[in-house]
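Undergrad: Predicted model and sequence follow; I will ask about them next.
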Amino acid sequence: MASATQMIRQGRGRRAYERARTVLRNRYQRNDWPCPTCGRPFDWEHPQSSRGFTADHPLALNAGGTLLGQELVAACRGCNSRKGDTVTPVLAPATLPPSQGS
């Protein structure tokens with residue numbers, strides 16, 4: 001069994017994942033960006049709704065992905081649920097929100 005430090009270095013630490021998810025959520029909320037999958041706005045007032053923000057793993061954890069060994073992708077709860085264990089397609093640069101210094 002790997003120690004907590006080894007897990008974080010390998011991108012599997014829960015705290016590191018939470019930190020990355022929070023940064024991604026704050027960036028989307030601050031810039032009022034919609035879900036990149038469906039284009040509908042996130043419901044910031046009701047995070048447990050189908051429009052609530054989630055951080056999606058492009059490669060599902062049960063398919064060999066890690067908590068942080070890959071970039072997290074924003075998705076609303078509904079899109080993330082529909083995606084399930086499939087691999088997130090790479091979005092074309094035109095569909096990605098502008099970085100705006102973030």
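TA: Great, that's in hand. This is a predicted model, so every value here is computed, not measured.

Undergrad: In the protein, where is pLDDT below threshold?
TA: Along the chain, segments meeting pLDDT under 70 span 1-13, 67-70, 88-102.

Undergrad: Can you check which helix is longest in this structure?
TA: helix 14-31 (DSSP state H).

Undergrad: Which strands or helices does it pack on?
TA: Using 3 or more C-beta pairs under 8 Å, 6 or more residues apart in numbering; DSSP states H and E, the elements in contact with helix 14-31 are strand 53-56, strand 73-76. Bear in mind the C-beta positions are built from the backbone N, C-alpha and C, glycine included.

Undergrad: can you tell which of these is closest to residue 14?
TA: Of all these, strand 53-56 sits nearest to residue 14, with 12.7 Å by C-beta to C-beta.

Undergrad: Could you list the residues in contact with the closest one?
TA: With contact meaning C-beta atoms under 8 Å, 6 or more residues apart in numbering, strand 53-56 is reached by 17, 20-21, 24-25, 28-29, 42, 44, 47, 72-77, 79-80, 83, 88.

Undergrad: Pairing partners for it, with directions?
TA: strand 73-76 (antiparallel) (DSSP bridges).

Undergrad: moving C-terminal of the strand it pairs with, what's the next helix or strand?
TA: Note on strand 73-76: by DSSP states H and E, the next helix or strand toward the C-terminus is helix 77-83.

Undergrad: Leaving out chain neighbours, which residue sits closest to residue 59?
TA: Of all residues not flanking residue 59 in the chain, residue 65 sits nearest, at 3.5 Å (C-beta to C-beta, 6 or more residues apart in numbering).
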